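Colleague: structural data only, the sequence is not supplied:
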């Protein structure tokens, strides 16, 4: 009777909690949901059936993979990616993707099925307190126990995920609530204007820039639109400022530009690091200046003796570690538009400095000679020449990633997605999520043999949903990053880092995809062209020299250095 009375008083048809949740996703702009099904949210699944013409439900094979796909969707669209997992083990598997979204500042909404409310605190089947579990790695964690509050709490979840410094929100959904009826209206996003920089701050920034002799810009963070990237490019190039990007943010600036200085992160070129130390003004736009960018918090003085201008959406992140000479709280795109409209510095006196910084980048991008039939640096640069202009790159974590980072160039109009928290297993699901988000664009993934078998089962999702990313597996038979550190610290004492791998080309063929094996320099481009022409999801296994554990050192060299030390 209460439900009937509510419907009569509001004039709104009663809906189940499961339907309200599905409708709330639509109301808040979700177009894709990445999920591993579970009995704890059957009613939400049924609600999504009614919205199947408005939301694509992507069925995944592993919860971490599902959240990585949603996170990639969030990176590419700037909207909150949505993933749904079941309670207990499903939520625990999903945690790694939440951590990626947190450290990468990616908008994400994770829905987790929950136990029945009347079984709370009995350690019932798959019971987890999600507020405590996800609290340290999410912007907000809540639980919906009343169906009538679904529109309110779901709208707020999307608001929190996308506002300020974007990040993940976790919403637990009690099981029986999804069956309850409620007569409430849907709530969508509100009209919120982004934060704009204070005019006085822009004036002060230009005054500081005008007095500098060796400025260096560092672009980073999330939330950049194509328009924002173009505007900040116009400002930086117009003022002849060299531009570095932060860790795994190569898509923020054209790598072929004469103003591009390289990526300032893990494995950064020593020449760029040296130039950053020499700079007398750091323009940190969007970046938090975290551990990878600051080279383990050693690059910049904590007390701020090296002047830093930091622009960030979240004021709490400005000067959080390094004292800044000027902090500007603003949406990065609003800031970029305002900066691009400012008068240019008349006759900048750092032209020679900018050329020196660029020369350091060009020097490190020049392929050295390597022993063996495969010069990976040359092969990757030849591959770059035949890639589509609007390609999407995804990258896993590991030593292999330093090869494309060093020797390839992400160009304007291209996207690069990589986990700044260093999560292995990200690359393949991210490539699938990217291909589902943009089925008209070519997606290429870089992944090591270790990461490939962490989430490689998600290749099945490609065929289930008809997308065809091309996966480059760099196979050296080891956990290369750990082996590198092992050889530096305990030379010759190899423990726990060797791997036994399948034939990756046959692995993808078992799914019905296209497989290739590359062992020499001149084989990569033809292999890629055959893979792309196949129209199928593909794996190109690149069998690299295990002795060449990094692009700068062999195992023998690392051992010799460690022994000498």
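Modeller: Good, I have the coordinates. Everything numeric in this text was worked out from a predicted model, so none of it was measured.
Colleague: can you list the strands that the helix or strand harbouring residue 57 pairs with?
Modeller: In this assignment (DSSP states H and E), residue 57 forms part of strand 56-59. Paired with strand 56-59 in the same sheet, following DSSP bridges, are strand 32-35 (parallel).
Colleague: can you give me how far the strand holding residue 57 is from the chain middle?
Modeller: Chain-centre distance of strand 56-59: 20 Å, with Cα atoms, centre = their mean, to the nearest Å.
Colleague: give the buried residues for that strand.
Modeller: For strand 56-59, the neighbour count (16 or more other Cβ atoms under 10 Å) marks 56-58 as buried. For the C-beta atoms, the positions are set from N, CA and C on the backbone; glycine is no exception.
Colleague: which stretches of the stretch 101-250 of the chain form strands?
Modeller: Applying DSSP state E, counting those that start in this stretch to the stretch 101-250 of the chain gives strands spanning 108-114, 140-144, 168-174, 181-182, 215-219, 243-246.
Colleague: deepest-packed of the ones you listed, please.
Modeller: The highest average neighbour count among the strands of the stretch 101-250 of the chain, using mean count of other Cβ atoms under 10 Å, belongs to strand 108-114 at a mean of 28.
Colleague: note down every partner strand of that one and its orientation.
Modeller: Strand pairing for strand 108-114, determined by DSSP bridges: strand 81-85 (parallel), strand 168-174 (parallel).
Colleague: residue 496: which of those is closest?
Modeller: Closest to residue 496 of these, according to Cβ to Cβ: strand 81-85, at 29.9 Å.
Colleague: now the phi/psi pair for residue 283, please.
Modeller: Phi and psi for residue 283, reported as degrees, to the nearest 10, are phi -100, psi 90.
Colleague: okay, now it: neighbour count?
Modeller: Number of residues near residue 283 (other Cβ atoms under 10 Å) recorded here: 28.
Colleague: how about residue 195?
Modeller: Residues contacting residue 195 under the criterion other Cβ under 10 Å number 18.
Colleague: please tell me I have it right and it contacts residue 332.
Modeller: No. Look at residue 195 against residue 332 with Cβ atoms under 8 Å: they stay out of range, at 9.9 Å.
Colleague: find residues that contact each of the two.
Modeller: Shared contacts of residue 195 and residue 332 (Cβ atoms under 8 Å, 6 or more residues apart in numbering): residue 313.
Colleague: could you measure from residue 305 over to residue 283?
Modeller: Distance from residue 305 to residue 283, counting by Cβ to Cβ, to the nearest Å: 17 Å.
Colleague: how many residues are close by the closest residue to residue 333 other than its chain neighbours?
Modeller: In this structure, residue 333 finds its nearest non-sequential neighbour in residue 228, 3.3 Å apart by Cβ to Cβ, 6 or more residues apart in numbering. Neighbours of residue 228 under the rule other Cβ under 10 Å: 22.
Colleague: do the same with residue 348
Modeller: By other Cβ under 10 Å, 18 other residues sit near residue 348.
Colleague: cool, and the one 5 residues further on?
Modeller: Other residues near residue 353 number 22, with proximity taken as other Cβ under 10 Å.
Colleague: now it: phi and psi?
Modeller: Main-chain torsions, residue 353, degrees, to the nearest 10: phi -60, psi -50.
Colleague: and the gap between the closest residue to it other than its chain neighbours and residue 311?
Modeller: Leaving aside its sequence neighbours, residue 353 sits nearest to residue 214 (Cβ to Cβ, 6+ apart; 4.9 Å). Residue 214 is 19 Å from residue 311, where distance means Cβ to Cβ.
Colleague: quick one, which of these two is more surrounded?
Modeller: Neighbour comparison, residue 214 and residue 311: the larger count goes to residue 311, with 27 against 19 (by other Cβ under 10 Å).
Colleague: quick one, what contacts that one?
Modeller: The contact partners of residue 311, taken as Cβ under 8 Å, 6+ apart, are 197, 284-286, 327-328, 330, 332, 335.
Colleague: got the phi and psi for the nearest residue to residue 221 once chain neighbours are set aside?
Modeller: Distance criterion Cβ to Cβ, 6+ apart; nearest residue to residue 221, sequence neighbours excluded, is residue 286 at 3.1 Å. With angles defined as degrees, to the nearest 10, residue 286 sits at phi 90, psi -20.
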